[in-house]
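A.B. asks: Show me the folded form of this:
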Amino acid sequence: MFGFIKKRLSDLTDVVQGEVVLDAGRLEELITDFETTLLEGDVAFEVCELLKERLKESLQDKRVKRAELKDIMKNSLKDGILEIFPPKSDNLLALIRGKPQKPYIIAFVGINGTGKTTTIAKIAHLLVKNNMVPVLAASDTFRAGAIEQLEEHAKRLDVRMIKHDKGADPAAVAFDAIEHAKAAGKDAVLIDTAGRMETNTNLIEELKKVVRVTKPDMVIFVGDALTGNAALDQAETFSSAVPIDGTILTKADADAKGGSAISIAYATKKPIMFLGTGQEYKDLIEFDPVWFTNEILN
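C.D. replies: Next up, the predicted model:
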């Protein structure tokens, strides 16, 4: 799935013949070439600087053989990347089951086109598969099409969706969904918010109101792995507007790089929770930082 770094590791070690001492000049040349690879792999500049410093600490003035350099660099990078990822998040199913008073409320945020509504449907499917009952809240009242899309998912999954007309107050829709879930003893409320651009001030304020009114147990940012550093900018904007608790990264199956995940984790200081790996409801895998890092490097 990923692996933009591993080929570069092999290429870089080709510049070393026999045994050499990695003095400042040789090391700088080696690491500068590698920095370009990281940037091209959607790793944010600030993150590149952190990883460069780790490589320098590991390699400065070391006498190394060509056969050893790849493993030394790989292990150093692995440690550096794992330090960027926050600790793995608690299991979502356990969190929902463990809340004393139902429902567990999750608000999903992000811009248009990231696959947010489909991701909500995938989470709903996950809950249903594990004998829990979710309620969907169609709080994206900005577009009639968004309500229809979520409603279609609700029908396929045979779960309840609460909606108002296009243009209605999104916070009121979410509130009604929560009240229904409380009365009916449902396990969770999944709130779909308008897929706003991070530069749309009015919609950002609307999002703040939804979060203020509903007091969600969790706010999940949904980002698109293929948008590269744009996903980083979006994550930073949403994180400054509302308290982001975790990220779901979509379209990971089409991402040959993987740098977006590293950059978003660095920006939000919150865990990546899931990766979307296709259009089917089952195409959602729990994110594991160790597995992900090994995918990139091995």
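
A.B. asks: Which parts of this structure are helices?
C.D. replies: 4-13, 24-40, 45-59, 66-84, 92-98, 116-129, 144-157, 170-184, 201-214, 229-241, 259-268, 289-297 (DSSP state H).

A.B. asks: Which one of the ones you listed lies nearest to G195?
C.D. replies: Minimum separation from G195 across those (C-beta to C-beta) falls at helix 116-129, 5.9 Å. C-beta: built from backbone N, CA, C; applies to glycine.

A.B. asks: can you pull the buried residues of that closest one?
C.D. replies: 116-128 (16 or more other C-beta atoms under 10 Å).

A.B. asks: list the helices and strands it packs on?
C.D. replies: The contact analysis (3 or more C-beta pairs under 8 Å, 6 or more residues apart in numbering; DSSP states H and E) places helix 116-129 against helix 92-98, strand 104-109, strand 134-139, helix 144-157, strand 188-193, strand 246-250, strand 272-276, strand 284-286.

A.B. asks: tell me the contacts of L150?
C.D. replies: Each residue near L150 by C-beta atoms under 8 Å, 6 or more residues apart in numbering is listed here: 117, 120-121, 136, 138, 140, 161, 163, 192.

A.B. asks: coming back round to it: pick the most deeply packed of the helices of the chain.
C.D. replies: Mean neighbour counts were compared across the helices of the chain using mean count of other C-beta atoms under 10 Å; the top stretch is helix 259-268, at a mean of 26.

A.B. asks: I'd like to know which elements that helix is packed against.
C.D. replies: By 3+ C-beta pairs under 8 Å, 6+ apart, helix 259-268 packs against helix 45-59, helix 66-84, strand 218-224, helix 229-241, strand 246-250, strand 272-276.

A.B. asks: Any chance of a markdown table for these, columns distance to I31 and mean pLDDT?
C.D. replies: Below are those laid out as a markdown table (distance: least, C-beta to C-beta, whole Å; pLDDT from 0 to 100):
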| stretch | distance to I31 | mean pLDDT |
| --- | --- | --- |
| helix 45-59 | 5 | 84 |
| helix 66-84 | 9 | 83 |
| strand 218-224 | 28 | 93 |
| helix 229-241 | 20 | 81 |
| strand 246-250 | 27 | 93 |
| strand 272-276 | 26 | 94 |
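
A.B. asks: export those to JSON lines and tack on distance to E152?
C.D. replies: Shown next, in JSON lines, are those (distance: least, C-beta to C-beta, whole Å):
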{"stretch": "helix 45-59", "distance to E152": "38"}
{"stretch": "helix 66-84", "distance to E152": "38"}
{"stretch": "strand 218-224", "distance to E152": "18"}
{"stretch": "helix 229-241", "distance to E152": "26"}
{"stretch": "strand 246-250", "distance to E152": "18"}
{"stretch": "strand 272-276", "distance to E152": "18"}
